[in-house]
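Chemist: Fold the following, please.
(2 chains)
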There are 2 protein chains.
Amino acid sequence: MISVAEARARILDGVPVLGAEVLAVTEAHGRVLAVPVVARLNQPPADVSAMDGYALRAADAAAGARLRLIGEAPAGQPFAGRINPGETVRLFTGSVVPEGADAILIQENAEAAGGEVAVREACSPGRHIRRAGQDFAVGDELLTAGRRLTARDIGLAAAANHPFVTVVRRPRVAILATGDEISLPGEPLGAGGIVSSNSHILAALVAAQGCVPLVLPIARDDARAIAEAADAARGADILVTTGGASIGAHDLVQAGLQSRGFALEFWKIAMRPGKPLIFGRIGGMPVLGLPGNPVSAYVCAVLFLGPLLARMAGAAAEVHEETARLGASLPANDQREDYVRATLTWGGDGWVAVPFARQDSAMLTVLARAQALVVRAPFAPAAEAGEIVRVVPLNAL
Amino acid sequence: MISVAEARARILDGVPVLGAEVLAVTEAHGRVLAVPVVARLNQPPADVSAMDGYALRAADAAAGARLRLIGEAPAGQPFAGRINPGETVRLFTGSVVPEGADAILIQENAEAAGGEVAVREACSPGRHIRRAGQDFAVGDELLTAGRRLTARDIGLAAAANHPFVTVVRRPRVAILATGDEISLPGEPLGAGGIVSSNSHILAALVAAQGCVPLVLPIARDDARAIAEAADAARGADILVTTGGASIGAHDLVQAGLQSRGFALEFWKIAMRPGKPLIFGRIGGMPVLGLPGNPVSAYVCAVLFLGPLLARMAGAAAEVHEETARLGASLPANDQREDYVRATLTWGGDGWVAVPFARQDSAMLTVLARAQALVVRAPFAPAAEAGEIVRVVPLNAL
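Modeler: As a prediction, this is how the structure comes out:
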């Protein structure tokens, strides 16, 4: 058995970032940039007013002065002339500051009547002017390659005049559930059969990471069926199998895949749940063989498939961890790294994790109610309530 | 000016949850359940083995005993007969426990040869048996109405034999950017013009909340154009407008919308950025008039549009807040609730928020780099580095 960290390192070893594709900026939320976004214009495009008011020469703007109103310039309609001494132009937020002006008198400090504007309060040079390029200037790198685009990034790329962005294409993940005993929901179910949940959990996880699931038909517990499913996965970037727990699952999955060139890298990880994970490759395609047990399959997917997808998608290949106060004690751990299902609530000044009493790895109800996995290192001593522990928050996953 | 809390309460007042729709369970990730998911079968369907091993009578399983191997029962293929004294059946994880057996001898503690199994270690009644319905039983409410479905929930609903789930339909949000000065990215840009970012940020925000954006063409600063855009928003659940800052935006937006029956609820909120927010209704459709400034529009969308969408979608209508340690001091606040753009990093035992020096509400670059909004109550005293403050994490938003 190898450690979780070693397993992850070996899974990620040599995995390349996928190629790029071009997307409309409006379609790119959550995607990872393959090429930096560089500003194609200045923002603001010129010196502009930060307020509704009057453009003038600060030297003219003594309290009590009266200036001649020579025009109005809405945003997007710059004033054609220039402001000479004693003159002013009505501006609005975002209006270009006319030539000759060096300050904005805000309208609250002005009184306009009869073609004149009375200055109520002096203003200094530069007042209420946003300088050209103050937000960004042509050539500025605004968003770096490898960044996962937020809604705000989308706006920034648009504002920098990018109708399109170049992002890493989404990894395609073929998902193959195996097992004579499983059926799809609503389909005929044999005696002692159970309804498949692994494919659906994994597909949702994959989609939640912005990747593309390809759910293959369930393969019977038969090496040939598994081999044929592997053929159906051609063109995918990753093949994930689950289970086949009925008659020596791993031998069967391995036997089936070996006929298609599967090369085993390792099998069995010192973790709980999820010990019997197999990892290898068919050609260059990573193959993750997850346990059939849904809780084990899920935890393995969070710990190994998630970082693998992130790596291929050009993002940081890590499992996001935080810390929490334990809300209940935990016994000493054995040699396997333990991922303990727990609730996670905000305790005012930090997270509080309360492990479920039942950690049975077949309990989907407990998994669904869990909000985090508490990480217990191998041979961790017993932990008392109140101690700080590492947690993997599950959120929408 | 009214407070942020009052504004939110008035925006949410009387807003109903939208109607339901039926979706394949595989399409329901992130959606809000309209009808609870109730188990349609027992899980496990019968008493099953939790391990690979041998079913037997615990009374027979003294160390050193030898039992007659009478068959094998993979998961999904229950053993047809019953186990009598001195007999055993080969089982696998998930196999139905045959009649007559009351314990599982794990294979590590068994030695099979010549049609017999030697018991190496005694086992007690019930050992390694998962009881029928231990995870869930027919009729159990597994997922409550109002729950936003995680990947695990999808798996649980599938396992409970639901090919379909009933969820709240997604709010449709018409988004109308107004302003003579703005153009879409890559389109011709006038002198002093700027490229539109608001629609794109808002559309991404709406989609990130699992709702459906409908981006209307930009409306010129003209009451009739705005009125016609309002017509185009018919059938949407919410209309969001932005800006038109060039010539008295709000009068214009209001004038345009009033010709279509707009009833103003309030205008101006004691907050920064985002003071000039208008809220009203056209018929039953809420209309949020956001400032034209992208930072203001964004912050208002997070604080007001987000909860409104959540309410309509059947989820909790709240802005998620956490707390963080301030990484730099902040001055005393005035009468407006302030939402200070800041970085947010995990400091080992909690979040650390470092406000940006520049809080100019026209700075999209600062907004894009921000990871949280630090909430400053009206008249909050100066805060020193190290103090605990409220933060709104922005994450993918």
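
Chemist: helix/strand/coil for the residue in the stretch 251-397 of chain A positioned nearest to chain B?
Modeler: At 4.5 Å from chain B, A:Ala368 is the closest residue in the stretch 251-397 of chain A, using C-beta to the nearest C-beta. For every residue, glycine as well, the C-beta is placed using N, CA and C. Using DSSP: H, G, I helix; E, B strand; the rest coil, the secondary structure recorded for A:Ala368 is helix.

Chemist: again, but for A:Glu228
Modeler: Per three-state DSSP, A:Glu228 ends up helix.

Chemist: quick one: contacts for the closest residue to it other than its chain neighbours?
Modeler: Of all residues not flanking A:Glu228 in the chain, A:Ala219 sits nearest, at 7.7 Å (C-beta to C-beta, 6 or more residues apart in numbering or on different chains). The contact partners of A:Ala219, taken as C-beta atoms under 8 Å, 6 or more residues apart in numbering or on different chains, are A:Leu176, A:Ala177, A:Thr178, A:Ala225, A:Ile226, A:Glu228, A:Ala229, A:Gly244, A:Gly256.

Chemist: now, among these, which is nearest to chain B?
Modeler: A:Gly244 (9.4 Å).

Chemist: For the nearest residue to A:Ile238 once chain neighbours are set aside, give its distance to B:Pro163.
Modeler: Closest residue in space to A:Ile238, ignoring its immediate chain neighbours: A:Val173 at 4.8 Å, by C-beta to C-beta, 6+ apart. To B:Pro163, A:Val173 is 22 Å away according to C-beta to C-beta, to the nearest Å.

Chemist: Between these two, point out the one with more neighbours.
Modeler: A:Val173 (29 against 14; other C-beta atoms under 10 Å in any protein chain shown).

Chemist: Could you look up the SS state of A:Gly155?
Modeler: Assignment for A:Gly155 (three-state DSSP): helix.

Chemist: Just give the strands next to the strand ranked longest in chain A in its sheet, each with its orientation.
Modeler: Looking across chain A with DSSP state E, the single longest strand is strand A:337-346. Strand A:337-346 pairs in its sheet with strand A:271-272 (parallel), strand A:351-355 (antiparallel), strand A:372-376 (antiparallel), by DSSP bridges.

Chemist: residues making contact with it?
Modeler: With C-beta under 8 Å, 6+ apart, strand A:337-346 has contacts from A:3-4, A:270-274, A:295, A:299, A:303, A:324, A:327, A:330, A:351-356, A:359, A:366-367, A:369-378, A:380, A:391-394, B:322.

Chemist: Report the buried members of these.
Modeler: A:3-4, A:270-274, A:295, A:299, A:303, A:324, A:327, A:330, A:351-356, A:359, A:366-367, A:369-376, A:380, A:391-392, A:394, B:322 (16 or more other C-beta atoms under 10 Å in any protein chain shown).

Chemist: tally of neighbours for A:Val138?
Modeler: Neighbours of A:Val138 (other C-beta under 10 Å): 13.

Chemist: and it, that one's in a strand?
Modeler: No. Per three-state DSSP, A:Val138 lies outside any strand segment and is coil.

Chemist: State whether it and A:Leu41 are indeed in contact, as I suppose.
Modeler: Yes. Between A:Val138 and A:Leu41 there is a contact under C-beta atoms under 8 Å: 6.0 Å.

Chemist: Look up the pLDDT of A:Ala396 for me, please.
Modeler: The per-residue pLDDT reported for A:Ala396 equals 72.

Chemist: And for A:Gly248?
Modeler: Looking at A:Gly248, the pLDDT reads 54.

Chemist: Likewise for the one 5 residues further on?
Modeler: Model confidence at A:Val253, given as pLDDT, is 85.

Chemist: hmm, who's touching the helix or strand hosting it?
Modeler: According to DSSP states H and E, A:Val253 maps onto helix A:249-258. Applying C-beta under 8 Å, 6+ apart, the contact partners of helix A:249-258 are A:178-179, A:219, A:221-227, A:229-230, A:241, A:243-244, A:262, A:264, A:267, A:276, A:278, A:280, A:282, A:287, A:289, A:291-292.

Chemist: Below-threshold pLDDT in the stretch 251-397 of chain A: ranges please.
Modeler: Judged against pLDDT under 70, the stretch 251-397 of chain A has no low-scoring part.

Chemist: where does it come near chain B, residue by residue?
Modeler: Applying C-beta under 8 Å from any C-beta of the partner chain, we find that the stretch 251-397 of chain A lies next to chain B at A:292-294, A:298, A:322-323, A:346, A:348-350, A:360, A:362-365, A:367-368, A:370, A:388, A:394-397.

Chemist: Fine by me, thanks again.
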